[in-house]
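[1] coordinates only, sequence not included:
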């Protein structure tokens, strides 16, 4: 292969480029990005950056060594189609990039709340521009309503609470974080909100936003009207795969891949939030939207693309979240568990370590301010689960 | 010079965090060597004393950056900058750390009383 094109210039795209070089690929590497920025780190956007503790310049993901990548960067225009037959990626600005191999890393975008388009004061949080716009509105004393009590919503609520806003979090499900952590531990973690004076409304949907040009309130399905100066919508993400519909690449909930990132089209791989890798532990494919997956998996996919003998498999999914003064870490699959046991610490003490099991087999671990113990359990999960 | 603790109080394979500005981490490797480095990962605020010690290498408990305790060099991303190392002396069976006068490489947004 002489040219490999990486479509997507965020964490997974950059790490794919790095993996190509460290694994010895000496042909041309082209990186396509829809944003005009060089790769930057997104987790701080809802935390330190939103709080004004750090500036955009420290978000850069590249290091001085990355000059060695000698990649060709095509930024500021999204890819609009892929033609495996012609071996071309075509950009919105008309550029056509011929390639021998393609790595799809187009990520995911924030899901919008229907009826919120064009209303000032309503934000989602995915990009640097999103964070800059939101940061300008988080003024002390303002009333913030966060729709969705997932990790983005939880982190924004915690940050805004520390900035002195009056915060309400609305969650349609009966328990926040029930998906990633299960009902029981989801409730424990979301208890951080109420403990810090943030109002939490669960089990009620949003009927709509009130306001003509600027948002004035959020109306809930039960008729409650929550006055709001600012609204943040954190209701999940949609993989950026529509541009591939006529490419021949199999799509489901994201790009369907095997356990090492191979798509249904030879020499086309997928990594990061847009990719649904087959999970040998679960026996099905699923998308992993976590930062660590976007960092670790490109090396596996690149090895598969370059054709080496590659016995490696992805580690169990892992994510972390910093909320209030608590560092939350989770690894594994909560949905696979039939029991969860607190093995150390307590919820009240904010130092809980809980292990999820299916029968006798550990399938997940949650830590709140338990980094050392959590790390040991995470290793056990990765080592113990047979394939 | 910081007198940390008796050598016998830190078994091989263990680490401890020492409050200083910035905090430092002291490691006793399985091979019996003792190393001291700045405790805070250069990538993001996390305590390396809580990390995974393997040979002369520690893995950050948050994002798995790895540092060589002998040199401070980064051996695995996402950290990009080395960790500052400190000289260790064993004096009358006590671990003593001689603080480096080099600038610490603290992660963005993190300060410990002194500006870095």
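    Structure received. All values derive from a computational prediction rather than experimental measurement.
[2] Bridged to residue A:201, which residues?
    Here residue A:201 sits in beta bridges with residue A:170, going by DSSP bridges.
[3] That one and residue A:173 touch, don't they?
    No - with contact defined as Cβ atoms under 8 Å, residue A:201 does not count as touching residue A:173 (11.4 Å). The way it works is simple: take the backbone N, C-alpha and C, and place the C-beta from them, glycine included.
[4] what do those two both touch?
    Both residue A:201 and residue A:173 lack any common contact, where contact means Cβ atoms under 8 Å, 6 or more residues apart in numbering or on different chains.
[5] got the contact list for the residue nearest the centre of chain B?
    By Cα atoms, centre = their mean, chain B has its centre lying nearest to residue B:37, at 2.8 Å. Residues in contact with residue B:37, defined by Cβ under 8 Å, 6+ apart, are B:24-25, B:27, B:48, B:58, B:67, B:69, B:72, B:83-86.
[6] now, which of those sits nearest residue A:220?
    Nearest to residue A:220, judged by Cβ to Cβ, of those is residue B:48 at 45.4 Å.
[7] was I right about the closest one contacting residue B:60?
    Yes - counting by Cβ under 8 Å, residue B:48 does reach residue B:60; the two are 6.1 Å apart.
[8] which neighbours do those two share?
    B:41, B:67.
[9] Tell me the residues on the stretch 201-350 of chain A that lie near chain B, please.
    A:292, A:295, A:320, A:327, A:329 (Cβ under 8 Å from any Cβ of the partner chain).
[10] Tell me the spatial nearest neighbour of the first one, not counting adjacent residues.
    Nearest-residue entry for residue A:292: residue A:318, 4.8 Å, with adjacent residues in sequence omitted and distances by Cβ to Cβ, 6 or more residues apart in numbering or on different chains.
[11] now, which of the residues of the stretch 201-350 of chain A next to chain B lie within strands?
    Cross-referencing these against strands under DSSP state E gives A:320, A:327, A:329.
[12] now those as JSON lines including neighbour count and pLDDT?
    JSON lines is the format used below for these (neighbours: other Cβ atoms under 10 Å in any protein chain shown; pLDDT from 0 to 100):
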{"residue": "A:320", "neighbour count": "22", "pLDDT": "97"}
{"residue": "A:327", "neighbour count": "20", "pLDDT": "96"}
{"residue": "A:329", "neighbour count": "23", "pLDDT": "98"}
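[13] between those, which is nearest chain B?
    Nearest to chain B, judged by Cβ to the nearest Cβ, of those is residue A:320 at 6.2 Å.
[14] May I have the beta-bridge partners of the closest one?
    Counting by DSSP bridges, the residues bridging with residue A:320 are residue A:329.
[15] Pull the contacting residues for it.
    The contact partners of residue A:320, by Cβ under 8 Å, 6+ apart, come to A:327-330, B:62.
[16] change it to 10 Å
    Under the criterion of Cβ atoms under 10 Å, 6 or more residues apart in numbering or on different chains, the neighbours of residue A:320 are A:43, A:151, A:290-292, A:327-331, A:367, A:371, A:374, B:44, B:46, B:61-63.
[17] Can you tell me the strand partners of the helix or strand bottoming out on mean pLDDT in chain B and which way each runs?
    Least confident element among the helices and strands of chain B, by mean pLDDT, DSSP states H and E: strand B:74-76 (a mean of 92). Sheet partners assigned to strand B:74-76 using DSSP bridges are listed as strand B:66-68 (antiparallel).
[18] How about residues contacting the strand it pairs with?
    B:25, B:35, B:37-38, B:41-42, B:48, B:51-52, B:54-60, B:73-77, B:79, B:82-83, B:85.
[19] Quick one: buried ones out of the residues you listed?
    B:25, B:35, B:37-38, B:41-42, B:48, B:51-52, B:56-60, B:74, B:77, B:79, B:82-83, B:85 (16 or more other Cβ atoms under 10 Å in any protein chain shown).
[20] Show me the residues you listed that map onto strands.
    B:25, B:35, B:37-38, B:52, B:57-59, B:74, B:85.
[21] Give me every residue in chain B that's in contact range of chain A.
    Taking Cβ under 10 Å from any Cβ of the partner chain as the contact definition, chain B meets chain A at B:15, B:43-47, B:49-52, B:59-64, B:74, B:77-81, B:107-111.
[22] Among those, the buried ones, what's the ChimeraX command?
    Per 16+ other Cβ under 10 Å, the buried members of the residues of chain B next to chain A correspond to this ChimeraX selection:
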select /B:15,43,44,46,47,49,50,51,52,59,60,61,62,63,64,74,77,78,79,80,81,107,108,109,110
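[23] thinking again about what came up before, show me which pair in the residues of the stretch 201-350 of chain A next to chain B is furthest apart.
    Farthest pair in these (Cβ to Cβ) is A:295 and A:327. Separation: 18.1 Å.
[24] Now for residue A:39: which residues touch it?
    For residue A:39, the contact set (Cβ under 10 Å, 6+ apart) comprises A:8-15, A:17, A:31, A:33, A:59-62, A:66, A:73, A:75.
[25] How about residue A:242?
    A:80, A:106, A:251.
[26] Chain A: helices as residue ranges?
    Here chain A has its helices, by DSSP state H, at A:11-22, A:128-137, A:151-162, A:178-195, A:291-306, A:371-384.
[27] list the buried ones in the longest one?
    Within helix A:178-195, the residues that qualify as buried are A:178, A:180-183, A:185-190, A:192-193, counting by 16+ other Cβ under 10 Å.
[28] for the last one, same thing?
    Residues of helix A:371-384 classed as buried under the neighbour-count rule (16+ other Cβ under 10 Å) are A:371, A:373-375, A:377-378, A:381.
[29] would you turn those into TSV with distance to residue A:21 and pLDDT?
    Below are those laid out as TSV (distance: Cβ to Cβ, whole Å; pLDDT from 0 to 100):
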residue	distance to residue A:21	pLDDT
A:371	32	97
A:373	36	97
A:374	32	98
A:375	29	96
A:377	34	96
A:378	28	96
A:381	31	93
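[30] now, which of those lie close to chain B?
    A:371, A:373-375, A:378.
[31] Report the mean confidence score over stretch A:168-181.
    Averaging pLDDT along stretch A:168-181 gives 93.
[32] ok now it, how far from the chain's centre?
    17 Å (Cα atoms, centre = their mean, to the nearest Å).
[33] Equivalent analysis for stretch B:3-22, please.
    10 Å.
[34] list the buried ones in that stretch?
    Neighbour counts over stretch B:3-22 (16+ other Cβ under 10 Å) mark B:4, B:7, B:10, B:15-16, B:18, B:20, B:22 as buried.
[35] Next: stretch A:199-206.
    Across stretch A:199-206, burial judged by 16+ other Cβ under 10 Å covers A:200-202, A:204, A:206.
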